[in-house]
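J.: Got a sequence here, can you build the structure:
(chains A and B)
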Amino acid sequence: MMQTITCECGHSNPYGTSLCQACGKPLTQDVEILSSMRYEGSARRSQTYKQTFVDKIWNFFSSVKVGVWLIVIILVAAAIGTIFPQETFIPPNVDPATHYESEYGTLGLIYYLLGFHNLYGSWWFILLLGMLGLSIIIASLDRGIPLYKALKTQRVTRHDQFMKNQRLFSKSSDVELDEIKYTLESLRYKVREENGNLFAEKGRFSRWGAYVNHVGLIIFLTGAMLRFFPGMYVDDILWVREGEKASIPGTSSEQGQYYLENNDFILEMYDKEEKKFNSALSSVDGEVAKNYQSNVTLYKTKENHTIGAEPELEKVKSGEIRVNEPFKFDSFALYQTDFKLNEFYKMSFELEEKATGNKFGKLTVDLHDPKKEYDLGNGYKVKIEEYFPNFVLNEQNQPSTVNNLPDNPAFVFSMYSPKTPEGEKAFVGIQKNIDSGENLFKMSFAGIETKDLTALTVRKDHTLWIIALGGIIFMIGVTQGLYWNYRRIWIKQNAGEVWAAAHTNKNWYGLKKDVEFLSDKTNLTPLEEKETASK
Amino acid sequence: MAEISSTLLYSAFIIYLFSTLFFAMSISDKKGKDAAHTKKWGKIGFISSCVGFAAQLGYFITRWMASGHAPVSNLFEFTTFFGMMMVLAFIILYIIYRTNGLGVFAMPIAVLVIAYASMFPRDISPLIPALQSDWLKIHVTTAALGEGILAISFVSGLIYLIRTVDQTVSSKKTLWLEVILYSLIAVVGFIFVSIGFKAAGYETTFEVMNDNNQAVKVVYDMPAIAGPSNGEQLDDSFGPLFSTPSWMNGVDASIKLNTFIWSLLAGAVLYGLLRLILRKRIAAALQTKVRMKPDLLDEISYRAVAIGFPIFTLGALIFAMIWAQQAWSRFWGWDPKEVWALITFLFYAAFLHLRLSRGWHGERSAWLCVLGFWIITFNLIAVNLVLVGLHSYA
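T.: Below is the predicted model of the structure:
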C-alpha cells in the first residue's frame, strides 16, 4: 500500500481517500462533498489506481456505467430471442435450417443464420452473463469494502466544511442538546455524543443491502454454471408402456439400477355438463384436460448386478405422478411430461383362402418384436419377409420406415400352404393388401391391441440448493437495501452556534420529515435544502 | 355466487370512476378553493377508492368461492386482479405521501385496466393440469402486486412529464408524451369498438386452412381490415383490406391484429376529437391542471420502484421458478413469458443503478418509469396474445 494521508483530526486515511474517514474533511482540493458522499469519499481502487493493465480491467468492470450497459445489452438480446420460437420450442422432427425460413420467411432465415434460434445457449450470450457476473463482483468489492471501513471509522465530530456542504443544513443558537438527543432517540435514531456534539444514525445495515444482494446473485449464477459439471445434473426422458418396465436413464450406480413400471396411465377430461364450468367448456371445440397421471412402481436391481444379465428386481415403492406432483426417490424426481394414447401394440391376422373364404389359423404379431416365422400347423405357415413399423414411401418410391415406432405398421408376408409350398408374397399394411393378383391366399386383418404410453422427465439437480440459497440471499439483500435507508444527522457546537446537517443515501422525503419533526420539537432552526446540481 | 361476484366487480368499477372524480374535484382550481376544500375532497376520494377496493376484493373472494380456485387463471381474471393491485398500490402510496393529484391519474388508469380486462371471455374456466397448484395463487398474486406498484411509478412519472415538459415549443418530448397519452386513449378506443360491434351483433366469417390442412372457420366480430392469411371470406360483409402476415401465427393472430387496428383507429378518432375541443396538445391542456411539486412526483415514482421491485422479483421470478421446477421439472426454460419477466427485472435493475449510482433523477427517471410500464404491459398482453409459449392460456 502507498503512503497514507493523515488528516488534521489525527486520523490516518488510506491513499486515495477524498473525505477523511473520521471527520469528513476534504483531503484534497476541489472535492465536491455532496457527490462524494455516495461512497463516503472513500479510497476506491478504481478511482485511485489507473496505470497498469490490471488496473484498467478492474476499472472497466467496476464501473456502474459498464454494468448498466451489460444489463441493457443482455436485456435487448433476451428480447430478440423471443421474436421467433427458440429451437427447443419448434417441432422436434423438423430441420431448423429450413423450418425458420418456411415458417417466418426471410426474417426467419436471417434469424436462423445469425444463430438467434439458439440465442440463450450461444457463446456470446453466456459470455455476456459472465461479464455481468464479473462486473457485479468487482464493482461490489471496489465500493463495498472501502465503504464499510469508512462507515466504521466515522466520528461524531465532523469537520466544518463537511457540515456546511451537506444537502440539509442549518445554524441555530440557544438549543437544548438534551432535547435534541431525546427527540432523535424518539425517532429511533442511535445517538452518540462527543464533546457536546451529536451524531445520530438510523438503518446503517441498509447500506449493505446492495452488496448482500450481489453476493446472492453471484451464488445464483455459480449454481447455474455448476449444472455443466458431470454428476450434478440429469435431464432425460423416459417412455414407458402400460404394463411394462423400463430402466430409468441416469440412475445407474454401484448400488444398482432403477427400473420403473407403468401400471396405468390415466387421462381425465372435464365433464362438459359440469354446471360450474359449463359456459367456458361449451365455448371451446375440444375437450379440456383435467388430469394426466401415471401410476408407477419403482424397482431396483440387486447390488453387484452385472450389466447385460437379466436383472433381478426388487420393489422399492409405488406412487402416482401427476403434473405438479413429481415422484421422488433418492435425489431423483420423475415428472409427468407427455403421453401417447392407443399406440399399436399387437396386430392379428388370419390366413385365408381367397376362393373359399376358409381360414387356416391366426397369428398375432408383437409390433415391437415380430417373429420371423409363424407356424400355423398342418403345413400352413407365414413368414415376415419385411417389416416397416412406420411405413412410408421414400423419395425413390420404395417402401421404408420413418422410425421404429409402430404408428403405421406394414409387412411383406410370405404365405405357405400345402397348395402353395413355394410361398406367395403379399404386402399388407393399414387398409392396404397388395399382391400379384394370382395369389390363392391372403392375410386378412383380425384385430389390433393398443397400449397407452407415458412420458416422464427424469431429473436430478444437485445445483438447486445453491440456486435457492442465492435467491434467498438476493431477496434479503434487495429488501434490506430498498425498504430501509441510512439516515444520519449531525449536530455540532461551533463557537456559540449549533450547526445541524443531515444526509441520507435515499428517500430524502423521509429524512426531511424527520428533521422537520426535530426542528418542530426543539429550538433548532429548520434545516434548509441546498439546491442540488444533480437535477 | 357468480352473479354476486360480477355485481361486486361492476360496483367497484363505478366507485373507482367516482373516486377519480372526487380526486379531480380536490385539485380543481375553481374559486373558493382552499386547503380545506382540497383536504375534504381528497379525503372523500381516498375513502371511495378504499370502498371500491373492498368491493373488488369482495368480487375476488366470491369468484374464488364460485370457481373453487383463485381467480387469476385467465386473461380476464389476471388483468382484473392487476387493476386491483394498482388500486392497492395507489392506496399504499397515498397513505405515505397524501397526494390527491396521483389519484386523478392512478384511478382512471386502473379503471382502464379493468375495463380492458372485461373485454376478454369472463366465463369461469376449469384449470388445466399445469395450473393445478397452490403456486398459482402465490406466484400470480405476488407478481401482480409487484407490477401494480411498479405501475404507480409509471403514473407518477407520467404526471412528472406532464408537469415539467416544456409545452411552449413542439419537441421530441412533447411528441412522445402525446404518443403515451394516445396509447391510453387507444385502450378506451378498444373498449368502445368492442362494445359497439358486440351490441350491433356484427359477424363475418372466413374459411382458413389450418396446419393440418383442414378447413376451419374463423369468425370475426369486427369488420375485417386485416383478414386471415390465405383465408376466404364466406359472406359479403366489408372485405379485408389486406391479409395478416403468415409469420404471425399465434392463436387467432389475425383476429387480434384486426382488433388492434380497430383500437388504434378508434383511439385516433377520440384523440383527434379531444385535440379539436382542447385546441392544444393534450399534455399541454393537462399541464395547466397539475400543480404537484415535481420533486415529490419524482420521489413517489422512485419509491414505487423501490417498493415494487423486490415484490416483483419475488413473485414473477422466484416463486415462478419454484413452481416451474415443480410443474415442468426445470426452474427456468427461456419461455417467452419467463424471458419478459427477466427483461422487466433487468430493466428496473438498470433503473435503480442509474438512479442510485449515476444520479438519474427527475425527467430521465420519469421517462424510464414510462418505459418500464410499457415492458410490463407488453409482457401482460403481447406475450400472451402474440408470442407463442407455455403461458398463452387466453
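J.: Which residue ranges make up each domain of the chain?
T.: You didn't pick a chain, so chain A it is. Domain ranges of chain A: A:44-151, A:156-203+A:485-529, A:233-341+A:455-460, A:346-445, per automatic domain parsing.
J.: um, chain B though
T.: According to automatic domain parsing, chain B comprises the domains B:76-121+B:128-167+B:282-385, B:170-279.
J.: Save the ones you listed as JSON lines, and put in mean pLDDT, distance to A:Trp208 and mean neighbour count too.
T.: No exception for glycine: its C-beta is placed from N, CA and C like everyone else's. Compiled in JSON lines, the domains of chain B are given as follows (pLDDT from 0 to 100; distance: least, CB to CB, whole Å; neighbours: other CB atoms under 10 Å in any protein chain shown):
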{"stretch": "domain B:76-121+B:128-167+B:282-385", "mean pLDDT": "93", "distance to A:Trp208": "14", "mean neighbour count": "21"}
{"stretch": "domain B:170-279", "mean pLDDT": "86", "distance to A:Trp208": "38", "mean neighbour count": "16"}
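J.: Adding distance to chain A as columns, could you present those in JSON lines?
T.: Converted to JSON lines, the domains of chain B look like this (distance: least, CB to the nearest CB, whole Å):
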{"stretch": "domain B:76-121+B:128-167+B:282-385", "distance to chain A": "4"}
{"stretch": "domain B:170-279", "distance to chain A": "4"}
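J.: residues in contact with the residue nearest to B:Phe90 when sequence neighbours are not counted?
T.: Of all residues not flanking B:Phe90 in the chain, B:Ala106 sits nearest, at 4.2 Å (CB to CB, 6 or more residues apart in numbering or on different chains). Listed by CB atoms under 8 Å, 6 or more residues apart in numbering or on different chains, the contact set of B:Ala106 reads B:86-87, B:90, B:152, B:155.
J.: Filter those residues down to just the ones in helices.
T.: Per DSSP state H, helices hold the following members of the contacts of B:Ala106: B:86-87, B:90, B:152, B:155.
J.: Report the two of these separated the most.
T.: Farthest-apart pair in those is B:Val87 and B:Val155; separation 11.4 Å (CB to CB).
J.: pull the longest helix from the chain.
T.: Let's take chain A. helix A:123-153.
J.: look at chain B instead
T.: The single longest helix within chain B, with elements called by DSSP H, is helix B:35-67.
J.: before we move on, back to that, list the helices and strands the longest helix of chain A packs on?
T.: Applying 3 or more CB pairs under 8 Å, 6 or more residues apart in numbering or on different chains; DSSP states H and E, we find helix A:123-153 packed against helix A:45-48, helix A:53-62, helix A:64-80, helix A:209-226.
J.: ok, 10 Å please
T.: Applying 3 or more CB pairs under 10 Å, 6 or more residues apart in numbering or on different chains; DSSP states H and E, one finds that helix A:123-153 contacts strand A:12-13, helix A:45-48, helix A:53-62, helix A:64-80, helix A:209-226, helix B:336-358.
J.: C-terminal to it, which secondary structure element comes first?
T.: Downstream of helix A:123-153, the next assigned helix or strand under DSSP states H and E is helix A:160-164.
J.: how about the CA coordinates for that following helix, as PDB?
T.: Output in PDB follows, covering the C-alpha atoms of helix A:160-164 (Å, rounded to 0.1, in the frame of the first residue of the first chain):
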ATOM      1  CA  ASP A 160     -16.900  22.400   9.400                       C
ATOM      2  CA  GLN A 161     -16.600  22.100   5.700                       C
ATOM      3  CA  PHE A 162     -18.200  18.600   5.800                       C
ATOM      4  CA  MET A 163     -21.200  20.000   7.800                       C
ATOM      5  CA  LYS A 164     -21.700  23.100   5.700                       C
END
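J.: So which bits of it are buried?
T.: Buried residues in helix A:160-164, counted by 16 or more other CB atoms under 10 Å in any protein chain shown: A:162-163.
J.: From chain A, how far out is B:Ser5?
T.: Separation of B:Ser5 from chain A (CB to the nearest CB, to the nearest Å): 13 Å.
J.: Tally up the residues packed near that residue, please.
T.: Look at B:Ser5: counted by other CB atoms under 10 Å in any protein chain shown, it has 21 neighbours.
J.: what angle sits between the strand or helix carrying it and helix B:35-67?
T.: Using DSSP H and E, B:Ser5 sits in helix B:2-27. Orientation check (axes from the mean of the first three to the mean of the last three CA atoms, to 10 degrees): helix B:2-27 against helix B:35-67 gives 170 degrees.
J.: Could you pull out the buried residues of helix B:2-27?
T.: Buried-residue list, helix B:2-27, by 16+ other CB under 10 Å: B:2, B:5, B:8-9, B:11-13, B:15-16, B:18-27.
J.: show me what contacts the residue of the stretch 151-300 of chain A found nearest chain B?
T.: Using CB to the nearest CB, the closest approach of the stretch 151-300 of chain A to chain B is made by A:Ala280 at 3.6 Å. Counting by CB atoms under 10 Å, 6 or more residues apart in numbering or on different chains, A:Ala280 touches A:270, A:274, A:288, B:67, B:74, B:121-126.
J.: And the residues you listed, which is closest to A:Cys20?
T.: B:Asn74 (61.4 Å).
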